[in-house]
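> Provided below are the primary sequence and the corresponding predicted coordinates.
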Amino acid sequence: MTPPPRGTLRRAVALLEVDRRRAVQAVVLGTLALGCAVALAAVAAWLIARASQMPPVLTLSVATVAVRAFGIGRGVLRYCERLVSHDVALRGMTTLRTTLYSRLASGQPGAVLGVRRGDLLARVGADVDAVGDVVVRGLLPGAVAAVLGVATVAAMSLIWLPAGLALAGCLLLAGVVAPTLAAAGARTTQARATDGRARATASALGILDDAGPLAVAGRTATELEALRAADREVAAATDAGAPTAALAAGIGQVAVGLAVLAALLTGVPAVVSGQLSAVGLAVVVLTPLAAFEATSLLPAAAVQVRRSRAAAARILALLDAAGPSAAPRPAGAAGRAHLTARDLDCGWPGAPRVVRDLDLDVSPGRAIAVVGPSGTGKTTLLLTLAGLLPRRGGELELDGTDVEDLARPADAVVHVAEDGHVFGTSVLENLRVARGDVTPDEATQALADVGLDAWLAAQPDGLETLLGPDGRTLSGGERRRLLLARGLLSPAPLLLVDEPAEHLDPATADAVVRSLLTRYRHRGVVVVTHRLSPLADADEVVRLDGGRVAARGTHADLVERVARYREDLAEESREDA
Amino acid sequence: MRPLDPRLLRHARAARGYVALTASLGILTAALVVAQALLLAHALGRAVHDGADLEAIGPLVAWLAVVVALRALATAAQERFAHRAATRAVAELREGVVAHAAALGPRWLATGEGPGVATLATRGLDALEPYFVRYLPQLVLAATVTPATLLVILGLDWVSAAILVAVLPLVPIFMWLVGRLTQGRSEQGLATMRRLGAQTLDLLAGLPTLRAFGRERGPAARVQALGDAHRRATMGTLRIAFLSGMVLELLTTLSVALVAVGIGLRLVEGDLDLVTGLAVLVLAPEVFNPLRQVGAQFHASSDGVAAAEQAFAVLETPVTADGTRPAPDLAGVTVRLRGVTVTTAAGRTPDGLDLDVRPGRVVALAGPTGGGKSTTVEVVLGLLVPDEGTVELVAPAGPIPLADVERAGYWSQVAWLPQRPVLEPGSVQEVVGGADDAARARAAALTGLDAVLADLPDGWQTAVGHLSVGQRQRVALTRALLSPAPLVVLDEPTAHLDAAGERVVLDTVRALRAGGRTVLLVAHRASLLAAADEVVMVAPVRTEALR
């Protein structure tokens, strides 16, 4: 793992657009709060030393009031500071989230498709929080410690310069050296533990996901041993970083004592020689005991900065992958919507091409079916045709304009993905994703077209029924058809539909595919499907195999010419019988 | 969980030594804190009051330096072993939870708290680190330094001790009071925060879909609005949550201030000497320091405590005991299910199933999706104990309840292909097994694995991890064919396969039967059902029908 480049955190923090006025307010409040504690110690020392000289009580009255005021001020000011600093951080996180969303929404399409994969999404949420945390737990405590340190040293130096200088040195030890060491310790541990942690996570998930098969295969013990080995590696990594962390903690502790000792050693002779008053000695010796509270937070702050920097690097990588916002370009004439592919190559960025040399003409009035064994690139082809993945070769034009030059190919081509997102809102709002002004009647009709009328009737609140996050309350088949209904409601003249029939029984599956091929033909349809029986209604069937067109023609044509197609069809009808 | 749960020591052995070390260091620290205060008070008091020079207080200063050094060493030792203990204790709990959860079986893992175990084992338990490294040491110090300093102050000046003792119980009382008053509001606030956070992530997750419809630009304002609502909800919660911190700081700082003023006034009257006054002044903040730290670390450690609670709950869920009778040779055994019912949220799946899997026969389970076919397989494999009915191995010597049979011995005679094949890491050749190359080649030709391997540059030496799901399925089929296990269980072996792939499965099933093996298969497709000697319909009674 290479460390993120310098300036990573600065770039990310700049994206928070922190309100300077509020940040300054937080630093001032924080400094005053901890300043109260330091002042309390100093004034109390003065009060007691002076009182022991038995002066008239009235001379002490200012000090007795001040001590009580500092006692109250500390708690109240700290409360205000915490509220202001958290407010600053939360505002920043909102700004960062909005920026992230906008940039992903308008940048390169590939970056956003990647977000769905794996735990990246959850990480984006956690990473934004981590960058925000650096304000509360890293930068503001650092600023408070710096301001308060300078103020305390200045005040001490006025009373007795050598004690002030010693305090400055000890504050640097506790506030700079100790945090640096703490961060170094954390870095050592993390660098060595990354592999072990990843393997421990993978092992644990593997055992839990496949508990039954592993037990029956007699492999549970082996897998648990692998988990233990990974954990041992993490433990060794912790041991490697711990001495540095221990040194940091020890230095933080020793700095306080050193400051006190230095004040004693330089102050006592000064009192004897008359350079320093006896009361002044009590103040310079006892104040350091309270002066290190701000710096004691800094080792943790340094570790937080490190952690946030890693999070910042991931967020910036995501933003960089999205690239600059695409400049608005003139949209093609959406009326005719003739999509032509010539020698088209498709594939995910950075992965091998899965589809090669494909020619295709899609226009309103034509219904095309794409079939072929699983894993042959049908889904990738649809994403490319929709302009959601950059093509890897050949030409792809909409009404004579290169699709990549179109600002909004979605105006003309809508893609109904297998894994389209169901939002955690009502059925109707989910359908309105396609078009903002879908009426309840249109919605009901579209759901009926995909065979969900019975399902809709069974819902307690009809179209207003709330769907769980990511449609978890829907079965696979219901979900697929809801996504299809949404596609049907979009105003785009061309429809690209990925596997509408999966998770459905054969009769329903064929009815859905057939209705797409006939009732929506005026829109221009490309449907990827594994069902062959309903394809008599398609104008053209393209059979892909191994990433290339293995056969194309009408259904009847393919049945007559292509033995493999005939076999598959026969197999399918045997199954259904 | 109590501040230090004895279950933690029971389940995480690494925690025991650490707690002992922390306790010793806590006692040492208490002694050092007191020593430091007294030495400092004497040295400073004599210098301020009597005008003593450096030579006169030299020994005191030297001892003070020793105490400072020892405190630094104690702090360093604490830190050194805290991280070590945290990592090891987390690892122990993780291993314990994973092993126990795996033993509880797939059904437990799929329902109730089961799915949460993955999060708990991978990320949740890591939250115990702040508990071990920050919270626990301060808790120990609160139990050592606080009483020690208080006792010393009592010995020095009972008036100051009285002020501190009066405030001390107020700390937990006020904390509890504020906690009580704020609990309802902050729980509500947390729920709002979670909901708003989830909605923002929902929009991010749906971005590809919004883009596909060309409607990706509008929701940016919604993300902003959700963020603002999130901030307002959070701040509402924090305003209350931070109150407890403020009360704590106010009480402790104010009482130290009152002690200082009291000492000052009595010094003026001549009722107290300076050394005592200074000692009490230095000790007074130390009484509260550990308490304040416990309060400050409480939130950071509470996630870890909650995770530990979950871990204990998993570890204390009883596991079905393993059987004691050796497994009979399955080649001569009928697996007999009578009246087997498993009750789930979906209904009774299956409901009162009778099934005989006789040796050498191919038995297919058919029926609607979600009807309990895979559940039946788990019952046959002994991974799930049915809610009603019996499962027996009918051997020539007589029937044995499956629950009484040693599972390892039973499983060693079973080859199971779940819907998603689980293969150990290694080369295809290692995973497939088999006596010799010829046997392997014959099996591979039957399962279509030979065609897969022909396209791969490393052939039989290809790592299994590099294969696609369909290819892995063929590896698993080949292995089942080559394994000597008398009972072969195939769960929907034709899922994800095209017509050609399906023919391969049919051929494999026929070959297995020809080899005299017993086959239990879950099948949807007619061709596969046709290849079976018997077809058993698994009929569920769904929840709606039960109502």
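Now that the structure is in, tell me what you want to look at.
> From the centroid of chain A, which residue is nearest?
For chain A, A:Val124 is the residue whose C-alpha lies nearest the centre (CA atoms, centre = their mean; 0.2 Å).
> so it touches A:Ile315, yeah?
Yes: A:Val124 is within contact range of A:Ile315, at 7.3 Å (criterion: CB atoms under 8 Å). C-beta coordinates here come from the backbone N, C-alpha and C atoms, glycine included.
> Common neighbours of these two, please.
A:Leu100 (CB atoms under 8 Å, 6 or more residues apart in numbering or on different chains).
> Is it correct that B:Gly409 is in contact with B:Arg325?
No: B:Gly409 lies out of contact with B:Arg325 (CB under 8 Å); the separation is 9.1 Å.
> Thought A:Pro299 was touching A:Gly252, still the case?
Yes: counting by CB under 8 Å, A:Gly252 touches A:Pro299, with 6.6 Å between them.
> what about stretch A:200-217, near chain B?
Yes: residues of stretch A:200-217 are located near chain B by CB under 8 Å from any CB of the partner chain, namely A:200-201, A:204-205, A:207-217.
> for the stretch 1-150 of chain B, what are the low-confidence residue spans?
Where the stretch 1-150 of chain B drops to pLDDT under 70, the residues are B:1-3, B:112, B:114.
> Please, where are all the helices along it?
According to DSSP state H, counting those that start in this stretch, the stretch 1-150 of chain B carries its helices in the segments B:6-11, B:13-50, B:54-104, B:106-110, B:116-122, B:128-130, B:136-156.
> Relative to chain A, which of those helices is closest?
Within these, the stretch nearest chain A is helix B:54-104; the backing value is 2.9 Å (CB to the nearest CB).
> tilt between that closest one and helix B:136-156?
Helix B:54-104 and helix B:136-156 meet at an angle of 140 degrees, taking axes from the mean of the first three to the mean of the last three CA atoms, to 10 degrees as the criterion.
> for the residue nearest to the centre of chain A, what are its contacts?
Neighbour list for A:Val124: A:100, A:115, A:315, A:318, B:201, B:204 [criterion: CB under 8 Å, 6+ apart].
> Save those as JSON lines, and put in neighbour count and pLDDT too.
As requested, these are exported to JSON lines (neighbours: other CB atoms under 10 Å in any protein chain shown; pLDDT from 0 to 100):
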{"residue": "A:Leu100", "neighbour count": "22", "pLDDT": "83"}
{"residue": "A:Val115", "neighbour count": "20", "pLDDT": "55"}
{"residue": "A:Ile315", "neighbour count": "22", "pLDDT": "83"}
{"residue": "A:Leu318", "neighbour count": "21", "pLDDT": "78"}
{"residue": "B:Leu201", "neighbour count": "19", "pLDDT": "74"}
{"residue": "B:Leu204", "neighbour count": "25", "pLDDT": "77"}
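> What is the burial count for A:Pro352?
8 (other CB atoms under 10 Å in any protein chain shown).
> what about it, which SS state?
When classified by DSSP: H, G, I helix; E, B strand; the rest coil, A:Pro352 comes out as coil.
> For it, give me the backbone phi and psi.
phi -60, psi 160 (degrees, to the nearest 10).
> Check B:Pro396 too.
According to degrees, to the nearest 10, B:Pro396 has phi -60, psi -30.
> was I right about it contacting B:Gly332?
Yes: B:Pro396 lies in contact with B:Gly332 (CB under 8 Å); the separation is 5.8 Å.
> Comparing the two, which residue is more hemmed in?
The residue with more neighbours, out of B:Pro396 and B:Gly332, is B:Gly332; 13 against 9, by other CB under 10 Å.
> hang on, the more buried one packs against B:Pro359?
Yes: counting by CB under 8 Å, B:Gly332 touches B:Pro359, with 5.8 Å between them.
> Skipping adjacent residues, who's closest to the residue of the stretch 351-500 of chain A found nearest chain B in space?
With CB to the nearest CB as the measure, A:Ala410 is the residue of the stretch 351-500 of chain A nearest to chain B, at 2.9 Å. Closest residue to A:Ala410 apart from its sequence neighbours, by CB to CB, 6 or more residues apart in numbering or on different chains: B:Gly214 at 2.9 Å.
> Got phi/psi on the one you found?
Main-chain dihedrals, B:Gly214, degrees, to the nearest 10: phi 70, psi 30.
> Next, count neighbours for B:Ala76.
The number of residues near B:Ala76, taken as other CB under 10 Å, comes to 21.
> Strands along the stretch 401-547 of chain B, start to end?
Assigned by DSSP state E, counting those that start in this stretch, the strands in the stretch 401-547 of chain B fall at B:414-417, B:487-491, B:518-522, B:534-537, B:541-542.
> Skipping adjacent residues, who's closest to the residue nearest to the spatial centre of chain B in space?
Taking CA atoms, centre = their mean, the centroid of chain B lies closest to B:Leu120, which sits 2.4 Å from it. Leaving aside its chain neighbours, B:Leu120 sits nearest to B:Gln310 (5.3 Å; criterion: CB to CB, 6+ apart).
> Separate out the buried members of the residues of stretch A:200-217 next to chain B.
A:200-201, A:204, A:207-208, A:210-217 (16 or more other CB atoms under 10 Å in any protein chain shown).
> OK, contacts around residue 168?
Unless you meant another one, I'm taking chain A. Residues near A:Ala168 by CB under 8 Å, 6+ apart: A:149, A:153.
> Sorry, I should have been clearer: chain B.
B:146, B:150, B:287.
> Touching, the last one and B:Thr146? I think so.
Yes: at 5.6 Å, B:Val287 counts as touching B:Thr146 under the criterion of CB under 8 Å.
> More neighbours: these two, which one.
B:Val287 (28 against 20).
> pLDDT averaged over the helix or strand hosting that one - what is it?
If you go by DSSP states H and E, B:Val287 is part of helix B:274-315. In this model, helix B:274-315 has an average pLDDT of 85.
> Next, work out how far apart B:Leu60 and A:Val268 are.
Between B:Leu60 and A:Val268 the computed distance is 11 Å (CB to CB, to the nearest Å).
> Neighbour count for those two, which is higher?
Using other CB under 10 Å as the criterion, B:Leu60 and A:Val268 rank with A:Val268 on top: 27 against 20.
> The helix or strand hosting the more buried one versus helix B:274-315: what angle between them?
Element membership of A:Val268 [criterion: DSSP H and E] is helix A:220-273. Calculated by the same axes, to 10 degrees, helix A:220-273 forms an angle of 170 degrees with helix B:274-315.
> Excluding residues flanking it in the chain, which one is nearest residue 493?
Chain wasn't specified; assuming chain A. Nearest to A:Pro493 is A:Ala337, by CB to CB, 6+ apart, at 4.0 Å.
> You answered for a different chain; I wanted chain B.
In space, B:Pro493 is closest to B:Val505, 4.7 Å off (CB to CB, 6+ apart).
> do the same with B:Leu38
With CB to CB, 6+ apart as the criterion, B:Leu38 has its nearest non-adjacent residue at 5.6 Å, and that residue is B:Ala279.
> again with B:Gly105
Leaving aside its sequence neighbours, B:Gly105 sits nearest to B:Leu383 (CB to CB, 6+ apart; 5.0 Å).
> okay, now that neighbour: neighbour count?
Neighbours around B:Leu383, by other CB under 10 Å: 22.
> how about the residues of the stretch 301-450 of chain B that lie near chain A?
So far as CB under 8 Å from any CB goes, the stretch 301-450 of chain B lies against chain A at B:378, B:381, B:383, B:407-408, B:411-412, B:414, B:416, B:418, B:422, B:424.
> what would the residues you listed look like in CSV with distance to B:Val34?
Below are those laid out as CSV (distance: CB to CB, whole Å):
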residue, distance to B:Val34
B:Glu378, 64
B:Leu381, 65
B:Leu383, 61
B:Arg407, 60
B:Ala408, 60
B:Trp411, 63
B:Ser412, 65
B:Val414, 68
B:Trp416, 67
B:Pro418, 65
B:Val422, 61
B:Glu424, 60
